[in-house]
Structure formats: structure tokens, C-alpha cells
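Asker: pasting the sequence and the predicted coordinates here, then a few questions.
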Amino acid sequence: MTDTGRMPYQLPFPPEAANEIVIPSPIPEDERVWVPQADGVWFRPLCLNTRQGYWVNLLRVRRAGVLSRHRHPGPVHGHVLRGRWHYLEHDWVATAGSYVFEPPGETHTLVVPEDCQEMITLFHITGAMIYVDPWGKVTGYEDVFSKIEMCRKHYDSCGLGGAFLDQFIR
Ligand code: FE
């Protein structure tokens, strides 16, 4: 009798199934992979999903203080890789290793403490980030399409090129 324990799955995947994404070391050696977002703030795309309207990226911050105030209409999952940060609306601090779930409906103000040189957090964001003032007045937004546009501009100008971006889009 054939031992099938270590036998790969023998059938084709569904033709509609997307290709996998594998990024062996998400924190890149090549500085150009970081897309500048604001002064002292960068993101690094991992998965930009246009069909379900979410994106997964690393956020890197090398400046202290208030980063942004935003509302989430959809869920967010975060995993802190380096440094730490907190929200003005909560009394906990996310530190390296922490997992955070940000439920839909949450509005919060992200702060990086003065003595933190660098924070890097993996965020999985569905829908949009809606930037607001303290009373909820909308000042801007980001979604997977605006992230793609920012990536395209940056990768075109830094020489990595559009094909580099395409590998993250599903
Ligand atoms: Fe948030």
C-alpha cells in the first residue's frame, strides 16, 4: 500500500484561485521598498487586495508624537514587530510582539512615545482609514487603491518599477 502521508495534493487548484504571496523577510534590505508616507513615516506593502478591499503592510515610524487620528469602518489586525505605540483613547501600550484587533467603528489617535526611535507594525486593514479631527470631521482617507497609487508613484521614481508592485496585488 502506498504511503500518501508525504504525497503532495495531486489535483490542480481551482482555476480562479489567485497565486500565493511569499515574502521571506518582510523587513527589506533594500531601503527603496519602503514607500514614504509622511515625514518619518513609511509603509511596505505585503498584500494589496483589490477584490476584497483590504491591504496588509508594515508601517515604519521614526518620529515621535501624534501620527494620525482615524476612524475604521472595517476591521484592523496589527502585530508589532519593533518599538511601541499607543492610542490616546485607550490606556494600553502595544509593544514588540503585541497583537491588536481594532474593531469597525473605532476612532483613535496613534502616538509614538518620545523615547522610541523606531516602531514597525504589521497592519491588516479592511476598507479604509478615514482621517478625522477630534470631532469626527473628515480630513482625508486611504484605501487599497490609494495605497496602490502611492506605491506605483514611488516604485516608478526609485527605479524598482511597476512590475515590483504587481507582485503584491491580488
Ligand atoms: Fe487604527
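Answerer: All right, it came through fine.

Asker: let me see the contact set for the closest residue in space to residue 51 that isn't next to it in sequence.
Answerer: Excluding its sequence neighbours, the residue lying closest to residue 51 (C-beta to C-beta, 6 or more residues apart in numbering) is residue 170, at 6.8 Å. To be clear about C-beta, it is placed using only N, CA and C from the backbone, and glycine gets the same treatment. Residue 170 is in contact with 18-19, 21, 47-51, counting by C-beta atoms under 8 Å, 6 or more residues apart in numbering.

Asker: and for residue 109?
Answerer: Contacts of residue 109 (C-beta under 8 Å, 6+ apart): 66, 68-69, 87-89.

Asker: of those residues, keep whichever come out buried.
Answerer: Neighbour-count burial (16 or more other C-beta atoms under 10 Å) is assigned, among the contacts of residue 109, to 68-69, 87.

Asker: re earlier: from residue 134, how far out is the residue nearest to residue 51?
Answerer: Residue 170 sits 36 Å away from residue 134 when distances are taken as C-beta to C-beta, to the nearest Å.

Asker: so which residue is smack in the middle of the chain?
Answerer: residue 57 (2.3 Å; C-alpha atoms, centre = their mean).

Asker: now that residue, what's its secondary structure?
Answerer: strand (DSSP: H, G, I helix; E, B strand; the rest coil).

Asker: from the contacts of residue 170, which is closest to residue 94?
Answerer: residue 47 (21.3 Å; C-beta to C-beta).

Asker: find the nearest non-adjacent residue to the closest one, please.
Answerer: Spatial nearest neighbour of residue 47, excluding adjacent residues (C-beta to C-beta, 6+ apart): residue 56 at 4.2 Å.
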